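Undergrad: have a look; sequence and predicted model below, questions after that.
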Amino acid sequence: MAAITDKPQTDRRGRSLVMINKLVDSRTKMLALYSQLARQKPFVGNVEVPGLLEAFCQALVDYAANAHFQLYRYFAEKNERRQEIHVVAKNIYPDILEITNKVLDFNDKYDCGDHCAQFSELESDLSSVGELLADRIELEDKLIAAFGYSFDD
């Protein structure tokens, strides 16, 4: 995924750009691991799966936490003055929180290091988490667009 380009900025807007770039970077890393893991089918008996699954779960939690501890703290600390951005953030936050909880449930089920042996449901669960991530990314992109940033082609 390409880096976000910015418009001329003030210091506050520069902070928001850095924060959004961190979110997009963690998202990109997580999606790369998701893709790598999804290509490992069949999962049962595949020696690559435990390590990839552990790396994916860590990246998933890092990504999920990034939005909450960076982006939404930014709003809670009243660092953003533009009302239209607050409206978008307020509207998408409940959905992002619900998705985050479901993503963390996936992590709780599969982040078990080398003692995971049950991968019979992994294909279905990975598909479900992929759909959740797609929804979350769509919501985040609405917020990124409200900030006035766009992705390079």
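TA: Happy to help now that I have it.

Undergrad: sec struct for the nearest residue to Asp135 once chain neighbours are set aside, please.
TA: Excluding the flanking residues, the one nearest Asp135 by Cβ to Cβ, 6 or more residues apart in numbering is Ile99, at 6.0 Å. For every residue, glycine as well, the C-beta is placed using N, CA and C. Following DSSP: H, G, I helix; E, B strand; the rest coil, Ile99 is assigned to helix.

Undergrad: try Leu143
TA: Leu143 ends up helix, using three-state DSSP.

Undergrad: isn't it right up against Lys90?
TA: No. Using Cβ atoms under 8 Å, Leu143 is not in contact with Lys90; the gap is 10.4 Å.

Undergrad: so where do the helices sit in this protein?
TA: 11-38, 49-66, 72-76, 83-110, 122-147 (DSSP state H).

Undergrad: quickly, which of those bottoms out on average pLDDT?
TA: Comparing mean pLDDT over these, the weakest stretch is helix 72-76, at a mean of 69.

Undergrad: about what we covered before: which residues does the residue nearest to Asp135 contact?
TA: 132-133, 135-136, 139 (Cβ atoms under 8 Å, 6 or more residues apart in numbering).

Undergrad: make it 7 Å
TA: For Ile99, the contacting residues are 132, 135-136, by Cβ atoms under 7 Å, 6 or more residues apart in numbering.

Undergrad: which residue lies farthest from the center of the chain?
TA: If you look at how far each residue of the chain sits from its centre, by Cα atoms, centre = their mean, the farthest one is Gly45, at 28.4 Å.

Undergrad: if I look at that one, how far off is Glu138?
TA: Relative to Glu138, Gly45 is positioned 35 Å away (Cβ to Cβ, to the nearest Å).

Undergrad: repeat for Glu131
TA: 11 Å.

Undergrad: please apply the same query to Lys41.
TA: 26 Å.

Undergrad: compute the first-to-last residue distance for stretch 32-45.
TA: Taking Cα to Cα, to the nearest Å, the first and last residues of stretch 32-45 lie 22 Å apart.
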